[in-house]
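Here is the input, now give the coordinates:
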Amino acid sequence: MIRAGRLQHVKTMADLASDLGISLGGFRNKAPHLQDGHPAPISSPSSRAQLWDGEQTDAFYADKPVPPLPAAEDDQDLLDRHEAAGELGVTAGTWNTYKRDRRLAEHVVLVPAEGGTEHWPRHVVRAFKAARPGKGAGGGRRTGSGDMVPRDEILPRIAELLDANPAITLAEVADTLGIARFPTAQAGLAQLRGQRIADLIEAHPELDPVEAAERLGYPTVTHRGAAVIAEAELHARGLRPYLQRLFDGLAEAGVAEPARVETRQLEGGFVAAAVLLAEGQRAPALVWDERYGWRTATSRRHPIGKDTAGFPPEGDGIRYLCGSIRPEPAELLEHLGDARRGSRRPAQIP
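Numbering: from 1, shown residues only. The predicted structure is shown next:
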């Protein structure tokens, strides 16, 4: 976590590499942060983007005594998603749903400010925890009244009910939140159950989706649908290390904004992801689609666009790069920087 009042001291791995006068790739290879005595990261061990306290690392690199960090909790401490989930007693996957709630979304802090890791003040997380409903909370809604919960709050509210009662029924969710059973409540419950099955399988790889659903206490009738979603979620998570490595390579080269990978499920279970390019590039964004590989995009706001049901997106501003689905960063950078490279259609079409 970032202790209260110490946000200005936070450094990323790229910052540490710069302090030592080496590239980010060189820092990863040499791993000076793993040597004895190096200050520990202030982020969670499970966090993809590690952060350090700059006063501590500056002192260590200058061969001076490393100052301790405050030990006492403070309401202004900034928690990453793993720490926030721990504060609530839920998984990080569940927190990813909760964070869409306006009570949390309005207070998110990105560290660093451009494309950084999300953090929340401890007092905001605790206030959200105190306001969470228990089983049967809400008293129900009048039948036929339509969706009475703002769209961006539906999944967080369903997640709260699922936490309180894993066997909650579709009717109970719809009546409690005042939302339509089909497709709103049905889709929300299936998505959340699938994600939590995936979380449990990641922690216990020996389980299959049905065994995980049983362990979580989900009704038998929900197992099949939730298992399909869980398998798709696990598939997407398996692709993220490759994508993050490419995202980092683009950012290190200065052609893209630093970003954590966020994937999108397309029709047929395929996965896509987008990264925004820096100013001065020939395109506003790049998109990776596991069917076609990397291509340029014409929009920063909606780079992936609508799924075209098996037909590769084409048109002005769209250029397919490299001849393989999973090129290495150097190859992608070479093709991106040369306007003569690439084609209007992908080299591979499944």
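
what about the residue nearest the centre of the chain, distance to R237?
The residue lying closest to the centre of the chain (CA atoms, centre = their mean) is E262, at 5.1 Å. Computed as CB to CB, to the nearest Å, the E262 to R237 distance reads 12 Å. Bear in mind the C-beta positions are built from the backbone N, C-alpha and C, glycine included.

Any idea how many residues pack against the closest residue to P284 other than its chain neighbours?
Nearest non-adjacent residue to P284, counting by CB to CB, 6 or more residues apart in numbering: R300, 4.3 Å away. By the criterion of other CB atoms under 10 Å, R300 has 13 neighbours.

With T308 instead?
T308 has 11 neighbouring residues, counting by other CB under 10 Å.

quick one on the thing from earlier: in contact with the nearest residue to the residue nearest to the centre of the chain once chain neighbours are set aside: list those residues for me.
Leaving aside its sequence neighbours, E262 sits nearest to A273 (CB to CB, 6+ apart; 6.6 Å). When contacts are counted by CB atoms under 8 Å, 6 or more residues apart in numbering, A273 touches 239, 243, 261-264, 287-288, 304.

what sits against S343?
319-320.

And the helices in the stretch 1-150 of the chain, which stretches?
Along the stretch 1-150 of the chain, the segments classed as helices by DSSP state H, counting those that start in this stretch run 13-20, 24-30, 54-61, 81-88, 92-98, 102-105, 122-131.

Please apply the same query to the stretch 201-350 of the chain.
Using DSSP H, counting those that start in this stretch, helices in the stretch 201-350 of the chain cover 209-216, 223-252, 329-336.

Could you export these as JSON lines, including distance to G310?
Listed next are the helices of the stretch 201-350 of the chain as JSON lines, based on distance: least, CB to CB, whole Å:
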{"stretch": "helix 209-216", "distance to G310": "26"}
{"stretch": "helix 223-252", "distance to G310": "17"}
{"stretch": "helix 329-336", "distance to G310": "24"}
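
Nearest to A283 among those helices would be which one?
helix 329-336 (8.2 Å; CB to CB).

Ramachandran angles for P284?
Backbone geometry at P284, expressed as degrees, to the nearest 10, gives phi -80, psi -20.

Pull the contacting residues for it.
Residues in contact with P284, defined by CB under 8 Å, 6+ apart, are 276-277, 297-300, 303.

Name the residues of stretch 7-23 that come out as buried.
9-17 (16 or more other CB atoms under 10 Å).

Just the closest of these to I2, please.
Taking CB to CB as the measure, I2 lies nearest V10 of those, at 5.9 Å.

Quickly list what A273 is bridged to.
Using DSSP bridges, the bridge partners assigned to A273 are T263, W288.

Next one: L234 relative to A159, how far apart?
For L234, the distance to A159 - CB to CB - is 19 Å.

Just want to know which of these two has more residues nearby.
Taking neighbours as other CB under 10 Å, L234 and A159 compare with A159 leading, 26 against 18.

Excluding covalently adjacent residues, which one is nearest to the more buried one?
In space, and not counting its chain neighbours, A159 is closest to T97: 4.5 Å by CB to CB, 6+ apart.
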